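Engineer: can you look at this prediction? I've put the sequence above it.
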Amino acid sequence: MYQCLPLVEKMISRIKSRSSKLLSYSGSLQLVKSVLFEMQTYWAHIFLLPKKIISIVTSGCRTFLWTGSNNCSRKALVAWEKICRPKTAVGLNVIDILTWNRAAICKLLWPVEQKKDKLWVLWVHTFYIKSQDLSQMETPKQACWLLRKVIDARKCLTSNDSLHKSLHQMTYKGEFSIKKSYLSMLGQFPKADWSKLVLVKGPIPRHHFILWMALYRRLSTVDIVAKWEIVVQQECVLCDTQSEEKFDHIFFACPYAKHVCCSLVNWLGYSRTIGDWNPKIQWLIQRISNSRPRDSILGFCFAATAYHIWVERNGK
């Protein structure tokens, strides 16, 4: 593991720079994606990364995304597993580097199973596999750590088919595809109705990120901050109703937020009374499913509205 520590330092140094502390959530997300993308496209193709190294890098990226620093913190508004989901499953499509590394290991298992005419493959078959069935044999204990990991990659295959068929399903034009293997290992996620709001085209990235957090109801409203044992003002700062600030109050029981949203809806030519969050989201989903330009505009206008209401709240 110690040989990989320079790699960790190189990855984490990207998020330790002074300029990175000035990034918004969406900017931090793009930086995290670039760090993990570099690991995915280069390092994970060349080396088998120890699980501990992957855990350190993932922890650093997760902490930076939510706090803007590299100091250890347990603050995470949304679980990392949900962030790594595809956008159709209401995730942010961040690469799960642990799963990607497993897929990269399967790429090394592929030539062994196919008995490719390569020197290292011939060496593995001559000294370790011999005449045994690769899918049934025990992992040779006398083999080096690298080879044991390659052979143990059989356990990562989720298919109930034979080893040969499972690996063949992950090929493209006769070559093993890490991407296909990665998607297969991720599995299928149920599609949420409000994924259409996440997939809508047009929103500015920072608007999109705040809307995504709002859909998960994970914005740092007073009721959530209270769980962290932080004492803050309980009343809503946007209106004079002395109501306790909760998510359902800001979106859109608050008179100020309701007025802003009603103004947007009326400006776009819709006649609709603004109510609670869930009915509003269901109405939006039905509208943006159409191909009419006005309904398409509604999606990213709503993202901008949610963002600016939240910014106004934070600025009070």
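Structural biologist: Received it, and whenever you're ready, just let me know what you need.
Engineer: now the helices for the stretch 51-200 of the chain?
Structural biologist: Here the stretch 51-200 of the chain has its helices, by DSSP state H, counting those that start in this stretch, at 51-67, 80-83, 97-114, 119-124, 145-152, 163-168, 178-186, 195-199.
Engineer: please apply the same query to the stretch 201-316 of the chain.
Structural biologist: Taking DSSP H, counting those that start in this stretch to define them, one finds helices in the stretch 201-316 of the chain at 205-215, 222-227, 247-248, 255-267, 277-288, 293-315.
Engineer: single out the most deeply packed of the ones you listed.
Structural biologist: helix 205-215 (a mean of 20; mean count of other C-beta atoms under 10 Å). The C-beta positions use only the backbone N, C-alpha and C, and glycine is treated the same way.
Engineer: I'd like to check the angle between that one and helix 277-288, please.
Structural biologist: Counting by axes from the mean of the first three to the mean of the last three C-alpha atoms, to 10 degrees, helix 205-215 lies at 130 degrees to helix 277-288.
Engineer: could I get the helices of the stretch 51-200 of the chain as a markdown table with mean neighbour count and distance to Y307?
Structural biologist: Below are the helices of the stretch 51-200 of the chain laid out as a markdown table (neighbours: other C-beta atoms under 10 Å; distance: least, C-beta to C-beta, whole Å):
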| stretch | mean neighbour count | distance to Y307 |
| --- | --- | --- |
| helix 51-67 | 19 | 18 |
| helix 80-83 | 14 | 19 |
| helix 97-114 | 21 | 29 |
| helix 119-124 | 14 | 53 |
| helix 145-152 | 16 | 45 |
| helix 163-168 | 16 | 44 |
| helix 178-186 | 18 | 29 |
| helix 195-199 | 19 | 13 |
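Engineer: could I get the ones you listed as a markdown table with distance to H207 and mean pLDDT?
Structural biologist: What follows is these, written out as a markdown table (distance: least, C-beta to C-beta, whole Å; pLDDT from 0 to 100):
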| stretch | distance to H207 | mean pLDDT |
| --- | --- | --- |
| helix 51-67 | 17 | 83 |
| helix 80-83 | 18 | 90 |
| helix 97-114 | 27 | 89 |
| helix 119-124 | 50 | 93 |
| helix 145-152 | 43 | 88 |
| helix 163-168 | 42 | 88 |
| helix 178-186 | 27 | 88 |
| helix 195-199 | 12 | 79 |
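Engineer: out of those, nearest to L36?
Structural biologist: Closest approach to L36 among those is made by helix 97-114 (5.4 Å; C-beta to C-beta).
Engineer: need the helices of the stretch 201-316 of the chain in a markdown table with mean pLDDT, can you?
Structural biologist: Shown next, in a markdown table, are these (pLDDT from 0 to 100):
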| stretch | mean pLDDT |
| --- | --- |
| helix 205-215 | 91 |
| helix 222-227 | 82 |
| helix 247-248 | 90 |
| helix 255-267 | 89 |
| helix 277-288 | 84 |
| helix 293-315 | 87 |
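Engineer: distance to S181 for these - can I get that in JSON lines?
Structural biologist: JSON lines is the format used below for these (distance: least, C-beta to C-beta, whole Å):
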{"stretch": "helix 205-215", "distance to S181": "27"}
{"stretch": "helix 222-227", "distance to S181": "38"}
{"stretch": "helix 247-248", "distance to S181": "39"}
{"stretch": "helix 255-267", "distance to S181": "45"}
{"stretch": "helix 277-288", "distance to S181": "33"}
{"stretch": "helix 293-315", "distance to S181": "34"}
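Engineer: which of the ones you listed sits closest to H164?
Structural biologist: Comparison of the helices of the stretch 201-316 of the chain against H164 by C-beta to C-beta identifies helix 205-215 as nearest, at 41.0 Å.
Engineer: walk me through the domains of this protein.
Structural biologist: Here the domain parsing of the chain from automatic domain parsing is 2-95, 100-186, 195-315.
Engineer: how much space between W66 and T171?
Structural biologist: Between W66 and T171 the distance is 38 Å, computed by C-beta to C-beta, to the nearest Å.
Engineer: the nearest residue to L264 once chain neighbours are set aside: what's it in contact with?
Structural biologist: Among residues not flanking L264 along the chain, T305 sits closest, at 5.4 Å (C-beta to C-beta, 6 or more residues apart in numbering). Contact partners of T305, counting by C-beta atoms under 8 Å, 6 or more residues apart in numbering, are 260-261, 264.
Engineer: before we move on, what about I53?
Structural biologist: 1, 4-5, 7-8.
Engineer: drop anything exposed from those residues.
Structural biologist: Neighbour counting by 16 or more other C-beta atoms under 10 Å classes 4, 7-8 among the contacts of I53 as buried.
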